[in-house]
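Participant: Following is a predicted model, sequence given first.
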Amino acid sequence: MPPEKKTAPVVAVEILAKRLVSTAELRKKLAAKKLFSPAEIDEAVLAMKRMGALHDDFLAEDVARSYRSRGYGPARIRMALRKRGIPNEIVEQVLNGKDEDAEPAESGQSGDGENAFAVLHRKAAQFRREPDPRKRKAKAVRCLVGRGFAYEDAIEAADRWMREEGTSEE
């Protein structure tokens, strides 16, 4: 007796059991199997949403929180979320919304500025090797911009870090 063909919802559950994925990723994975029609894929996605197994907003918040904790800025987080197929409305909501786990920022510092400053503190030894203060600041700013922070936040964080280090641009 041949094994029974799996249905799209069953395969969707198997995919979601391994890893939390976005709606777009689930659709792509089901389509890649080349076993299901677009109608069957839509039915499976709808079934997963009804079961509460598919939440793009929760996934987006989790991914954003993970990237922030690793020292990445909003541009990098936006790129990661879009790559996962998260809708733009949810991406902007997550990036512009308040993160419950974020510590309150000091006056004059945005949350992103605080995150940028924290990255510089973690990488301080790397920047201290540069004797020229201008080059040190430039390296710090390049590091932050490369991690997805806005140029303005990177400049502010580098200036603050250099003041606290007791060095200044000459």
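Facilitator: Structure's in. What do you need?

Participant: so how many other residues sit close to A47?
Facilitator: 17 (other CB atoms under 10 Å). Using the backbone N, CA and C atoms, a C-beta is placed for each residue, glycine as well.

Participant: what's it in contact with, if anything?
Facilitator: By CB atoms under 8 Å, 6 or more residues apart in numbering, A47 lies in contact with 9, 12.

Participant: Next one: it relative to I90, how far apart?
Facilitator: Plainly put, A47 is 21 Å away from I90 if you go by CB to CB, to the nearest Å.

Participant: Where does the prediction get shaky in the chain?
Facilitator: Within the chain, the segments meeting pLDDT under 70 span 1-3, 98-110, 168-170.

Participant: Let me see the domain layout of it.
Facilitator: For the chain, the structural domains run 8-51, 56-96, 111-165, going by automatic domain parsing.

Participant: any idea how far the shortest one is from the chain center?
Facilitator: Translated: domain 56-96. Distance, stretch centre to chain centre, for domain 56-96: 4 Å (CA atoms, centre = their mean, to the nearest Å).

Participant: Straight-line length of it, end to end?
Facilitator: For domain 56-96, the separation between the terminal residues is 16 Å (CA to CA, to the nearest Å).

Participant: do the last one as well
Facilitator: Distance between the boundary residues of domain 111-165 (CA to CA) amounts to 21 Å.

Participant: do stretch 139-152 as well
Facilitator: By CA to CA, the extent of stretch 139-152 from end to end equals 15 Å.

Participant: which parts of it are buried?
Facilitator: By 16 or more other CB atoms under 10 Å, the buried positions in stretch 139-152 come out as 139-141, 143-145, 147-150.
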